[in-house]
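Engineer: I would like to see how this sequence folds:
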Amino acid sequence: MTLTTRVKLSTMMFLEFFIWGAWFVTLGTFLSKNLGASGTQISLAYLTQSIGAIIAPFIIGLIADRFFAAQKILGILHLAGAVLLWFASRSANFDGFFPGILIYMILFMPTLALVNSVSFRQMKDPGTEFPPVRVLGTIGWIVAGLTIGWLNWEQTGQLALTFRIAAIASGLMGLLSFTLPDTPPLKGDSKTTLTDVLGLDAIRLLRSRSYLLFFLASVAICIPLAFYYNFTNLFLNEAGMKSAAGVQSLGQVSETLFMLLIPFFFVRLGVKKMLAIGMLAWVLRYILFAFGDVGPNYWMLIGGIVLHGICYDFFFVTGQIYTDNLAGERFKSAAQGMITLATYGVGMLIGSLVSGPIIDAYQTTEGHNWQIIWLIPALIAAVVLLLFTILFSDKNAVNKTVAAEEELISVDPINPAV
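Structural biologist: A predicted model of the protein is given here:
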């Protein structure tokens, strides 16, 4: 890549995740404090992410990959998103807010794949060139959190401004997109079917018992994950933490550091231990939240946030590597799309539907009984961990996976002759 291309792609990644982090982290607090939303309504708002994740493959597979240049679609989606975010900041109640944010997330979630597509198409060696570009996305999320914390918008009730800075950033992103390197759709086979476009062939991986167990565990573990994404900021603000959004950015710092350590641990621990450690970290995180406070146990709150690096990297990144190993060259992209759909789509959707009523059930005159609330996702994560540890076998998960499952992957379950 030329230096100009690298700078443009890095700026693209920074803005992409700055936009998301600028309003998403504090959404629960905004809805509760500014719009008087209930826990169920907050969960519905976060559920829009899952709806967007489910619809995204259709937008990418049926439109972006076949008819229009990726950077142009990226620009159009972000310009439209800027308008929707600005109107979201002016909402007077939840009923007026929800339709706009639903449409926004349906438009935004496909952009996560589009920025990757634009990046990869400009790189000769994505394995070495992509990480330095992608890390700017994590930095963008961190900067968004630190900015909100520094400006003290949570304590002063000005979280509507988070949508406005996100709208401005989205407008800039939309304009920048039209200057990005041309990324036209690849010429596909005229006989390509809807199954090919949506990557449904990857479903055959579920015929592997070990992968099926991993797949089900991925869906199940995202149920407690929804508690973290949807209500941590509200919890920290009710607990009295200053600059909660800024402090939460420590989770992304942790994520970046542990990402660098993944190769070291992966070789020495293997798939099963890595996944199990990730799930165990989720249990510990919720226990720390349950008993933490802004007084003597402040370290527990910080510890729970910092554990995000292990929670995310050891489970999700390891799972992506495991999926990549098992899928083989033919189904790599489809398999990654399938596991993303299962986690951020189905898993988070179920989690949002479950977490909201629980939050409402433990509402008090002073806020919420957070100790009981956090022990519930801790229990769910512990049950998933226990079942996974007992049932999952990784004897073919790393070096032996491709060879052991080669016959499975090469046989079409619908047409065995393929």
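Engineer: helix, strand or coil for the residue most central in space within the chain?
Structural biologist: Centroid-nearest residue in the chain, with C-alpha atoms, centre = their mean: Y344, separated by 6.1 Å. What DSSP: H, G, I helix; E, B strand; the rest coil gives for Y344 is helix.
Engineer: Return the alpha-carbon coordinates of stretch 4-12 using PDB.
Structural biologist: Output in PDB follows, covering the C-alpha atoms of stretch 4-12 (Å, rounded to 0.1, in the frame of the first residue of the first chain):
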ATOM      1  CA  THR A   4      -1.800   7.800   1.300                       C
ATOM      2  CA  THR A   5      -3.900   4.600   1.100                       C
ATOM      3  CA  ARG A   6      -2.700   3.500   4.500                       C
ATOM      4  CA  VAL A   7      -3.600   6.900   6.000                       C
ATOM      5  CA  LYS A   8      -7.100   6.800   4.400                       C
ATOM      6  CA  LEU A   9      -7.800   3.300   5.600                       C
ATOM      7  CA  SER A  10      -6.600   4.000   9.100                       C
ATOM      8  CA  THR A  11      -8.700   7.100   9.300                       C
ATOM      9  CA  MET A  12     -11.700   5.100   8.000                       C
END
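Engineer: Let's test this: mean pLDDT of it, rounded?
Structural biologist: Across stretch 4-12, pLDDT averages out at 93.
Engineer: and if you look at stretch 258-275?
Structural biologist: 82.
Engineer: Now do the helix or strand that contains I142: which elements does it pack against?
Structural biologist: Using DSSP states H and E, I142 falls within helix 126-151. In this structure, helix 126-151 packs against helix 3-24, helix 94-121, helix 160-177, helix 244-248, helix 250-291, with contacts taken as 3 or more C-beta pairs under 8 Å, 6 or more residues apart in numbering; DSSP states H and E. From N, CA and C alone the C-beta is placed, and that goes for glycine too.
Engineer: List just the one of those helices that sits closest to W86.
Structural biologist: helix 160-177 (4.2 Å; C-beta to C-beta).
Engineer: How is this protein divided into domains?
Structural biologist: 1-184, 193-418 (automatic domain parsing).
Engineer: And the ones you listed, which one averages the lowest pLDDT?
Structural biologist: domain 193-418 has the lowest average pLDDT among the domains of the chain, namely a mean of 80.
Engineer: from the middle of its chain, how far away would that one be?
Structural biologist: With C-alpha atoms, centre = their mean, to the nearest Å as the basis, domain 193-418 stands 10 Å off its chain's centre.
Engineer: Could I get the phi/psi values of V294?
Structural biologist: phi -90, psi 10 (degrees, to the nearest 10).
Engineer: Excluding chain neighbours, what is closest to it?
Structural biologist: Spatial nearest neighbour of V294, excluding adjacent residues (C-beta to C-beta, 6 or more residues apart in numbering): G240 at 4.6 Å.
Engineer: One more: L375?
Structural biologist: A290 is the one closest to L375 (C-beta to C-beta, 6+ apart), at 5.1 Å.
Engineer: I figured that neighbour hits A378, correct?
Structural biologist: Yes: using C-beta atoms under 8 Å, A290 is in contact with A378, at 6.8 Å.
Engineer: between these two, which one's more packed in?
Structural biologist: A378 (21 against 18; other C-beta atoms under 10 Å).
Engineer: nearest spatial neighbour of the more buried one, skipping sequence neighbours?
Structural biologist: Nearest one to A378, counting by C-beta to C-beta, 6+ apart, is Y286 at 3.6 Å.
Engineer: I'd say that neighbour and Q371 touch.
Structural biologist: No: taking C-beta under 8 Å as the definition, Y286 is not a contact partner of Q371, at 10.4 Å.
Engineer: okay, these two: which has more neighbours?
Structural biologist: Between Y286 and Q371, counted using other C-beta under 10 Å, Y286 has the larger neighbour count: 24 against 13.
Engineer: how near is S89 to G21?
Structural biologist: Remark: distance between S89 and G21 (C-beta to C-beta, to the nearest Å) = 16 Å.
Engineer: The two: who's more crowded?
Structural biologist: Using other C-beta under 10 Å as the criterion, S89 and G21 rank with G21 on top: 27 against 20.
Engineer: is it true that the more buried one touches L146?
Structural biologist: No: assessed by C-beta under 8 Å, G21 is found out of contact with L146, at 9.9 Å.
Engineer: burial of I358, as a residue count?
Structural biologist: If we define neighbours as other C-beta under 10 Å, then I358 has 18 of them.
Engineer: need the contact list for it.
Structural biologist: G39, I373, I376 (C-beta atoms under 8 Å, 6 or more residues apart in numbering).
Engineer: Using JSON lines, lay out these together with neighbour count and secondary structure.
Structural biologist: Below are those laid out as JSON lines (neighbours: other C-beta atoms under 10 Å; DSSP: H, G, I helix; E, B strand; the rest coil):
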{"residue": "G39", "neighbour count": "24", "secondary structure": "helix"}
{"residue": "I373", "neighbour count": "23", "secondary structure": "helix"}
{"residue": "I376", "neighbour count": "19", "secondary structure": "helix"}
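Engineer: that's a strand at P184, yeah?
Structural biologist: No: read with three-state DSSP, P184 is coil and lies in no strand.
Engineer: List the residues that contact it.
Structural biologist: A69, A70.
Engineer: Please report how far it lies from A69.
Structural biologist: 5 Å.
Engineer: What of A361?
Structural biologist: Taking C-beta to C-beta, one finds A361 at 49 Å from A69.
Engineer: These two - which one has more neighbours?
Structural biologist: Using other C-beta under 10 Å, the more surrounded residue of A361 and A69 is A69, with 18 against 14.
Engineer: The more buried one: what's it in contact with?
Structural biologist: Residues in contact with A69 (C-beta under 8 Å, 6+ apart) are D182, T183, P184, P185.
Engineer: Now render those as TSV, adding distance to L102.
Structural biologist: Listed next are those as TSV, based on distance: C-beta to C-beta, whole Å:
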residue	distance to L102
D182	32
T183	28
P184	31
P185	27
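Engineer: Counting neighbours, which of those end up buried?
Structural biologist: The neighbour-count criterion (16 or more other C-beta atoms under 10 Å) marks T183 among the contacts of A69 as buried.
Engineer: which one of the contacts of A69 sits closest to L151?
Structural biologist: Of the contacts of A69, the one sitting nearest to L151 (C-beta to C-beta) turns out to be T183, at 35.6 Å.
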